[in-house]
Structures are given as C-alpha cells and as structure tokens.
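*Asks:* sharing a model prediction with you, sequence too.
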Amino acid sequence: MSLLVIGSAAFDSIQTPCGSRNRVIGGSGVYAAYAASFFTPARLVSVVGEDWPEAYTERLHKRAIDLEGLEVRSGVQTLSWTGRYFENLNERETLEIRLNVMGEEYRPLVPGPYRDSQFVLLANGSPVSHLDLLSKMTAKPRLTVADTMDFYIQNTPEPLRKLLRQIDGLILNDSEARLLTDEKNTITAARRILDMGPAFVIVKKGENGAFYISKAQGASAEIRLIPAFPSEKVIDPTGAGDSFAGALMGALAAKGKSDPESIIAAMARATVVASFNVEGFSLERLETLTGDEIESRLSAFRTMITF
C-alpha cells in the first residue's frame, strides 16, 4: 500500500567532526520518502525552487519514489539549512535557515491520485501546510502520523494544536515533548499529548532509543520501549529522525496495519534504517543500502534486545 509523504526538499550544508558537505540533497520529505521506499511505494508532496538540480530529482526517481507531487516554482529559491554538529554528534546548532519557497504561505499541491492515500506521513514541517493537505484528501486516511519540532511548537502553536486533533499519531523527541506540554517528566508529557488528540505518541530519545505510548481501553496507557541500535560509525546524524519516521510509516503501509504490535515492529525496522542513515552524509549511505542489509541488521538487533 502506498504511503503519502509531505515534507521539505532542501539543500543542506553540514559540518561534523567527520567532515563537511555543501548544498547536498536533504529535507524531511526527502529523507522520509527515501526511507519509506525500502518497504512500500512512496509518494512525495513537496516544493522546490528554480535552483533545484534535475540530478537531485533523478536520484529520487532511482528509488521509484512517485514525484508527481513535487512542485517546482520559478522565481524562488529552495529551502536551505546550514548546521554544525559538536564532538559528541548528539548536539548541533543551526547556523542559518532560509525557508524560501517553504515559507508560511506554502500550500501543497496534492495530485488527484494521492488524495485517497490510506497511510499519510506529515513529515517535519509547518502544521499549516499539513492541515491544508489533510483538507484536500477525499476521505480520512486509515493512519495519519505527524512529526514536529521545537520551531513549530514555539511559532505555530494554534495550528499545531488543531492538527493534533486530526491525526492518529505524533512523533517528536523528548525535549520537544516537554516544550509542548510544559511538563518536566517525559512520560507525563507524552500522556498530556495523548489528551490533545493523538491515539499514540512516539518519543525519540536519541542514543537512548524511543518509546511508544498509546491510549488503552480504560484509564491506563500502554508503554513500549525500543532501544537505539548501537552504531559504531556515525558520520552525519542529519535526517536520522526523518528516516526513522519514513521507515516506520513505510513498514506499516506495507503491512496495511496500525495496531500496537505492528507499530512496535515497525519502530524496530525504523531504528535499523536510521542507524544506516547516520553512516554517511546526506543520502550517501541510503543510496547504497540493500534490503538484505536491513534484514541482517534487524536480525542482529532482535538478538541484542532479547533476554
């Protein structure tokens, strides 16, 4: 079953202790759709400017990503981000971000064939754009999951709260969960987010993995933990969270399921794909990744977490 992804396509300029890259292909939608494509056909809705190279489009075509929803606008520039990672690679600072064509006025063009998609990932981006896309769907998708970050929590709080009432699941990291709820404890923060609308929340905790919490029958909530894969080779963490979200949703769409056990299994696959993503700059590692490599590392991961 196809997965519809809306998110940014961007130029990333990256500095890490392992090296640097200038204006490489990036963006939440790009990483998410690419990761999802290892499990299911992916449809990408995004927008770029006239400076977007055709070669970057071809790289996405090679993964058989459906790009009918990739809009190219003349007279404007593509979103660009410049960031620097510190020695531990867990912390970074944004040196510059230019939203350009992905500014607040962006309203996505959703091709007709996309509008009946049953699985939808609202990759890290503006909740205003996400709400606009959902309004163009012909029917409510079977599963809609959003990813968000501190920028949108702080700058678009009302659209984000409206979005939370329309989605099934939310993905965010632990500091963002606390920021959204003003709670110090991450579990308490996740429970508060459930009260805002989603049926489940996945909180990413970096090298400490991620946890899933859901609304259960009655007053309790189900909590499940997935550790991070212990990567020995970390070169560039950019896009790891987006790859996690894309692989998660791609695995669910492939099975056509969204029950808790399926989500936990998908989280394990997503963790493995994200562990490959960090082994190179931009899409460099994902472009050489094979299905056999994913299954081999997944098997090793199962052994690690079984006791």
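*Replies:* Perfect, I can see it now. Numbering: from 1, shown residues only.
*Asks:* would you map the strands across the stretch 151-300 of the chain?
*Replies:* 169-173, 200-204, 210-215, 221-226 (DSSP state E, counting those that start in this stretch).
*Asks:* any idea which of those strands has the lowest pLDDT on average?
*Replies:* Looking over the strands of the stretch 151-300 of the chain, mean pLDDT reaches its minimum on strand 221-226, with a mean of 87.
*Asks:* and the angle for it with strand 200-204?
*Replies:* 30 degrees (axes from the mean of the first three to the mean of the last three Cα atoms, to 10 degrees).
*Asks:* straight-line length of stretch 84-92, end to end?
*Replies:* 5 Å (Cα to Cα, to the nearest Å).
*Asks:* how far does it sit from its chain's centre?
*Replies:* Computed by Cα atoms, centre = their mean, to the nearest Å, the separation of stretch 84-92 from the middle of its chain amounts to 20 Å.
*Asks:* and that stretch, what's buried?
*Replies:* 85, 89 (16 or more other Cβ atoms under 10 Å). To be clear about C-beta, it is placed using only N, CA and C from the backbone, and glycine gets the same treatment.
*Asks:* wait, residue 91 sits on residue 85?
*Replies:* Yes. Using Cβ atoms under 8 Å, residue 91 is in contact with residue 85, at 7.2 Å.
*Asks:* take the strands of the stretch 151-300 of the chain and write them to CSV, including distance to residue 1.
*Replies:* Shown next, in CSV, are the strands of the stretch 151-300 of the chain (distance: least, Cβ to Cβ, whole Å):
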stretch, distance to residue 1
strand 169-173, 17
strand 200-204, 19
strand 210-215, 21
strand 221-226, 23
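*Asks:* turn those into a markdown table, including mean neighbour count and distance to residue 32.
*Replies:* Compiled in a markdown table, the strands of the stretch 151-300 of the chain are given as follows (neighbours: other Cβ atoms under 10 Å; distance: least, Cβ to Cβ, whole Å):
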| stretch | mean neighbour count | distance to residue 32 |
| --- | --- | --- |
| strand 169-173 | 25 | 10 |
| strand 200-204 | 25 | 14 |
| strand 210-215 | 21 | 16 |
| strand 221-226 | 16 | 18 |
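*Asks:* out of those strands, nearest to residue 46?
*Replies:* strand 169-173 (18.3 Å; Cβ to Cβ).
*Asks:* direction included, what does the closest one pair against?
*Replies:* strand 143-147 (parallel), strand 200-204 (parallel) (DSSP bridges).
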